[in-house]
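After the sequence you'll find the predicted model.
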2 protein chains.
Amino acid sequence: MASATVEDYLKHIYLLEQADMDNPVAMGRLATTVGVAPGTATAMIKTLANAHLVDYEPRGGVRLTSTGQQMALHVVRRHRLVELLLVEVLSLDWSLVHHEAEQLEHAISDIVLEKIDALLGYPTVDPHGDPIPTAKGHLKYVQPVSLTDCKPGQQGRIARVSDQDTQFLQFAERHRLTPGMGITIDAYDKYGDAVTVSPKHCDSVTLGTNAASKIFVALSKKS
Amino acid sequence: MASATVEDYLKHIYLLEQADMDNPVAMGRLATTVGVAPGTATAMIKTLANAHLVDYEPRGGVRLTSTGQQMALHVVRRHRLVELLLVEVLSLDWSLVHHEAEQLEHAISDIVLEKIDALLGYPTVDPHGDPIPTAKGHLKYVQPVSLTDCKPGQQGRIARVSDQDTQFLQFAERHRLTPGMGITIDAYDKYGDAVTVSPKHCDSVTLGTNAASKIFVALSKKS
DNA sequence: ATTTTTATTTTGTCTATCCAAAATTCCGGT
DNA sequence: ACCGGAATTTTGGATAGACAAAATAAAAAT
């Protein structure tokens, strides 16, 4: 059984790989996200490499092996299911949930985990809209699509807001159109040049296709 | 913040003190219940004594200081609330809960703990009938009273069955009148010489006062 | 092509926790 | 008063994980 420390390294490597298009993860980056000195990370990575959980080229970065990825996904699953449990069942403020789950993810057995999964109705996304891997470590990969490519009724979460303009970002922020937010597409009026969407728990917004094209959504599986 | 290891030592010292009428806890006993070699326990106890969490006389055993006891109670509270959560909310088989809670008790923050407490309706006993310390570390000590001293409507858990007769013990066993079991007093008919009680989740039983006088109950606070 | 900067790896230490086995102390039986 | 065994403490050593600071390699800038 992997220690909590090892689990943390694996999880962070996984998340960093994801966030950087599957490129190998640089040591410095890993060290700071795990929260240790660089030398510490190097040492740990060597032992992970010995255990065949990562592939490691000195000065070339790390990347998970398939065994390592499997384990990482298992940690991520625990993390996200716990987050959801804390929000949905214990009504914990969602800003606190991530931090709490950070501890709990290492203390949940498989048996308890499956009970949580069942209690929550086998959810597919956590409170941030991030996908929850299945027990077998499968993750539904969703290529984000522009809002202009969505159809009414679809649901998903905002994956990216591709504009650097402060005004636009502030507008998006004001209407809760921020990455991670779960949204529903209410209407798409091609001729009226407008898309109406509802961010979860917030008022709906109508955007021109021009603006809508800058917002990318990861759709949930068929709703 | 105390490490999980330290928390475990404190918890076990507390439980052993309780189980042995507040006598100081012998090293060997402590070592085996914590699951370490005797020398390891001695070493740890020295550091706990330095931190003023225990009083320690070489070869005289250990006993918690009031600070140590406070911390131990906090761990016990987490343990027992988690057990109850697992049973009541996640419907985990109760034979598994103790083991699971053993891990989780070290990963629950105060915030989450109070949410659990609230969700469960501020319970006073765990699934085994053991009392749950309050957030401030108070434990309602309940002097067990004979069933013949109970009034209808009262609830509690069986503390003791004071008879050595096998027949009687088997009778008690059959009707789930075993130590730790939570029960409700349904009726007490003084003139009919009978007490009727319902063990939790089981059929009610009616006992003559003769038998009832042999069964001692730790009553929950006013229900 | 050098020099400078930055990232990474090494090296030497530290703490917490554990074990095994030797040394000690105490207690009951003679 | 003495001895033997049980409990306890010491001693010596191991492992996981972490840091700081020196050494090195690679990348950038001149």
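Ah, there it is.

Got the phi and psi for residue A:111?
Phi and psi for residue A:111, reported as degrees, to the nearest 10, are phi -60, psi -50.

So it sits against residue B:96, correct?
Yes. If you go by CB atoms under 8 Å, residue A:111 and residue B:96 touch, sitting 6.6 Å apart. Placement of C-beta: from N, CA and C, glycine included.

What ranges does chain A have for its strands?
Counting by DSSP state E, chain A has strands at residues A:54-57, A:61-64, A:145-146, A:155-161, A:182-189, A:194-199, A:205-208, A:215-219.

Mind listing residues that contact the third one?
What that stands for is strand A:145-146. Strand A:145-146 has contacts (CB atoms under 8 Å, 6 or more residues apart in numbering or on different chains) with A:212-217, A:219.

same thing with the longest one?
Strand A:182-189 is contacted from outside by A:125, A:129, A:147-148, A:150-158, A:177, A:194-200, A:204, A:217, using CB under 8 Å, 6+ apart.

now the angle between strand A:155-161 and it, please.
Here the directions of strand A:182-189 and strand A:155-161 differ by 90 degrees (axes from the mean of the first three to the mean of the last three CA atoms, to 10 degrees).

Now do the buried residues in strand A:182-189.
In terms of neighbour count (16 or more other CB atoms under 10 Å in any protein chain shown), strand A:182-189 has its buried residues at A:182-185, A:188.

And DNA strand D, is the longest helix out of those in chain A touching that?
As assigned by DSSP state H, the longest helix anywhere in chain A is helix A:66-88. No. On the criterion CB under 7 Å from any atom of the strand, helix A:66-88 is out of touch with DNA strand D, staying 13.6 Å away.

Counting by contacts, list what that helix packs against.
helix A:4-19, helix A:94-104, helix A:110-119 (3 or more CB pairs under 8 Å, 6 or more residues apart in numbering or on different chains; DSSP states H and E).

Could you tell me how far that helix lies from the centre of the chain?
Its chain's C-alpha centre and that of helix A:66-88 lie 10 Å apart, by CA atoms, centre = their mean, to the nearest Å.

Also stretch A:194-213?
Using CA atoms, centre = their mean, the offset of stretch A:194-213 from its chain centre is 22 Å.

Leaving out sequence neighbours, find the closest residue to the residue positioned nearest the centre of chain A.
In chain A, the residue lying closest to the centroid (CA atoms, centre = their mean) is residue A:130, at 3.5 Å. For residue A:130, ignoring the flanking residues on the chain, the nearest one in space by CB to CB, 6 or more residues apart in numbering or on different chains is residue A:80 at 6.1 Å.

quick one on the thing from earlier: so which of the strands of chain A is nearest DNA strand C?
DNA strand C sits nearest to strand A:61-64 of all the strands of chain A, at 6.2 Å, using CB to the nearest atom of the strand.

Report all helices and strands that that closest one contacts.
Packing partners of strand A:61-64 (3+ CB pairs under 8 Å, 6+ apart): helix A:4-19, helix A:27-34, helix A:38-50, strand A:54-57.

how about the first one, does it get close to DNA strand C?
This points to helix A:4-19. No. Among the residues of helix A:4-19, none lie within reach of DNA strand C under CB under 7 Å from any atom of the strand; the closest is 11.7 Å away.

and the angle for the longest helix of chain A with helix A:38-50?
Using the same axes, to 10 degrees: helix A:66-88 against helix A:38-50 is 120 degrees.

List the buried residues of helix A:66-88.
Of the residues in helix A:66-88, those with enough neighbours to count as buried (16+ other CB under 10 Å) are A:68-69, A:71-87.

Tell me the residue in chain A that is farthest from the middle.
Farthest-from-centroid check, chain A (CA atoms, centre = their mean): residue A:191, 34.6 Å.

ok, that residue to residue A:202 distance?
Applying CB to CB, to the nearest Å, the value for residue A:191 to residue A:202 is 27 Å.

what do you get for residue A:173?
Separation of residue A:173 from residue A:202 (CB to CB): 12 Å.

Kindly report the same for residue A:33.
With distances taken as CB to CB, residue A:33 is found 30 Å from residue A:202.

These two: who's more crowded?
Taking other CB atoms under 10 Å in any protein chain shown, residue A:33 and residue A:202 do not tie; residue A:33 has more neighbours (18 against 13).
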